[in-house]
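> Sequence first, then the predicted structure, then my questions.
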Amino acid sequence: MNATTSPLPGADDLRATPEPLAHDRGIFLLAELNWGEDAYAEHVPVAVLYRVTAQTLANLDHVLGLIEVGVLSPEGGFISIPDGDAVLLGCVAFTSDNALAPVPGFFNPEQDQVIYLSGSNNMEIDGERADFRPECEIFAPHPGEELAYLAIRVQKESELGQTLCASGRSGAWKLSGYLEQWTSLRVLILDGLAISRG
């Protein structure tokens, strides 16, 4: 797996402007965060769970299209996630059949479909970062810290082509996920959105 290491300037935040689409439950993406050794024993989130609606998919397509035609550089940019469409997890909980457990007030496995990015359903069960529990633990920053933003970074890699990964900032820490190839992921998202509207 490849982790991004580029800086996250807030000015690079990009928004598309397609017509608003009807609200839907969307499809969920679970992305494990890559911290490296610098964050060992620090109070940081383990993963981020995104809800991707048809509107967010349109935004991703828009910016990736600009990269493809050369309007934007291969370094790409950052897609803002609407308020309420992403949750940081302090502990990822799995059911006995290795499926994502509920996230209170956000994700219900009986109603919602999730796509596991970069093997996030195979996290090591250590009782802290990941565990078999009834519910996932939503990450809570320490007093005085705050979540600056959550986003999805899109770019074009020489070997992987179009990619996306988790991105953002929590307190003093930059959030960075693992690169995910976009073409095959887009097919899964489209299939999931069709199911969620059915």
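On my side now, so go ahead. Numbering: from 1, shown residues only.
> For the residue lying closest to I125 once chain neighbours are set aside, pull up the helix or strand it's in.
Nearest residue to I125 in three dimensions, chain neighbours excluded: D131, at 6.1 Å (Cβ to Cβ, 6 or more residues apart in numbering). No exception for glycine: its C-beta is placed from N, CA and C like everyone else's. Under the criterion of DSSP states H and E, D131 resides in strand 130-132.
> Can you name the residues in contact with that strand?
The contact list for strand 130-132 (Cβ atoms under 8 Å, 6 or more residues apart in numbering) reads V46, C91, V92, A93, F94, T95, S96, M123, E124, I125.
> chain center to the helix or strand just after that strand, what's the gap?
Scanning forward in sequence from strand 130-132 by DSSP H and E, the next helix or strand is strand 137-138. Centre-to-centre, strand 137-138 and its host chain are 15 Å apart (Cα atoms, centre = their mean, to the nearest Å).
> So which elements touch strand 137-138?
Here strand 137-138 touches strand 86-94, going by 3 or more Cβ pairs under 8 Å, 6 or more residues apart in numbering; DSSP states H and E.
> got the contact list for the strand it packs on?
Against strand 86-94 from outside (Cβ under 8 Å, 6+ apart): 30, 32, 45-51, 100-101, 103, 106-107, 120-121, 123, 125, 128-140, 147, 150, 170.
> any idea which helix or strand comes after that strand?
Toward the C-terminal end, the helix or strand that comes next after strand 86-94 (DSSP H and E) is strand 114-117.
> in its sheet, what does that next one sit against?
Here strand 114-117 is paired, per DSSP bridges, with strand 27-32 (parallel).
> Report the angle between the partner strand and strand 86-94.
Between strand 27-32 and strand 86-94, the angle comes out at 70 degrees (axes from the mean of the first three to the mean of the last three Cα atoms, to 10 degrees).
> pLDDT averaged over strand 27-32 - what is it?
Strand 27-32 comes out with an average pLDDT of 96.
> following that strand, which helix or strand shows up next?
Toward the C-terminus, strand 27-32 is succeeded by strand 47-52 as the next helix or strand (DSSP H and E).
> which secondary structure elements does that following strand contact?
Using 3+ Cβ pairs under 8 Å, 6+ apart: strand 47-52 touches strand 27-32, strand 86-94, strand 147-157, strand 161-170.
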